[in-house]
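> With the input below, show me the fold.
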Amino acid sequence: MQTQTVKIVVTGPFNSGKTEFIRSVSEIDVVSTEKKITAEAEKIKESTTVAMDFGRITVDDDLVLFLFGTPGQKRFDFMWEILSEGMLGFIVMVDSTRPETFKEARSILETFRAYAPTPYLVAANKQDSIDAWDVEDMRVALRLDPSIKILPCVAKKKSAVKTVLLELLYGILEEMDAAQSRSDEGA
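The predicted structure is shown next:
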């Protein structure tokens, strides 16, 4: 049997934890296109992704996930459409401690939904922080439909990242099964 590869995109606002998310589970050194940043953003972190991050995780002999992290800054959004090509699902990372980024996260989610009608979920990062918003309060602030999954996450914890990835994979498999069923009915 041939190994199946699944492309998953990890997107979200600047400093939401996308690179850390991929680094915590990747079995290879993450290919990262980070550049040093200056001015106001430097107070938050020292570098930013300018093109993409790439990681890989082998689920089993038959399944390998390719993880592509997008840049979070609007000036690099031209990469979003390129990175979305061929994705089977995506994750929107949101920093639970920075409500000022929630509107931007919502906009990014809508942009990626427009690129491809694939399964997706929202990962509420930094849930281990004392000032993290409650997941259900975030759902309201992000105006997420109850059917959209929003999961608590700590991008530095491999187990939390695996939980998010597995949940998205289940959604992708359900979608593939539904598509197969529709195909079988039409045959």
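
> in the chain, which spans are helices?
Counting by DSSP state H, the segments of the chain that form helices are 18-25, 78-84, 102-115, 135-141, 158-186.

> Give me the angle between the last one and helix 18-25.
Counting by axes from the mean of the first three to the mean of the last three CA atoms, to 10 degrees, helix 158-186 lies at 90 degrees to helix 18-25.

> mind checking how far helix 158-186 is from the chain centre?
15 Å (CA atoms, centre = their mean, to the nearest Å).

> Against which helices or strands is that helix packed?
Secondary-structure packing of helix 158-186 (3 or more CB pairs under 8 Å, 6 or more residues apart in numbering; DSSP states H and E): strand 4-11, helix 18-25, strand 89-95, strand 120-125, strand 150-152. Where you see a C-beta, it was placed from the backbone N, CA and C, and this is true even at glycine.

> partner strands of the last one, parallel or antiparallel?
Right, strand 150-152. Neighbouring strands of strand 150-152 in its sheet, by DSSP bridges, are strand 120-125 (parallel).

> Just give me how far stretch 87-103 sits from the chain centre.
Worked out by CA atoms, centre = their mean, stretch 87-103 lies 8 Å from the chain centre.

> which parts of it are buried?
87-96, 98-99, 101-102 (16 or more other CB atoms under 10 Å).

> quick one on the thing from earlier: could I get the helices and strands packed on helix 158-186 in JSON lines, plus columns for distance to residue 185 and mean pLDDT?
Output for the helices and strands packed on helix 158-186, formatted as JSON lines (distance: least, CB to CB, whole Å; pLDDT from 0 to 100):
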{"stretch": "strand 4-11", "distance to residue 185": "24", "mean pLDDT": "91"}
{"stretch": "helix 18-25", "distance to residue 185": "37", "mean pLDDT": "92"}
{"stretch": "strand 89-95", "distance to residue 185": "24", "mean pLDDT": "97"}
{"stretch": "strand 120-125", "distance to residue 185": "26", "mean pLDDT": "98"}
{"stretch": "strand 150-152", "distance to residue 185": "32", "mean pLDDT": "97"}
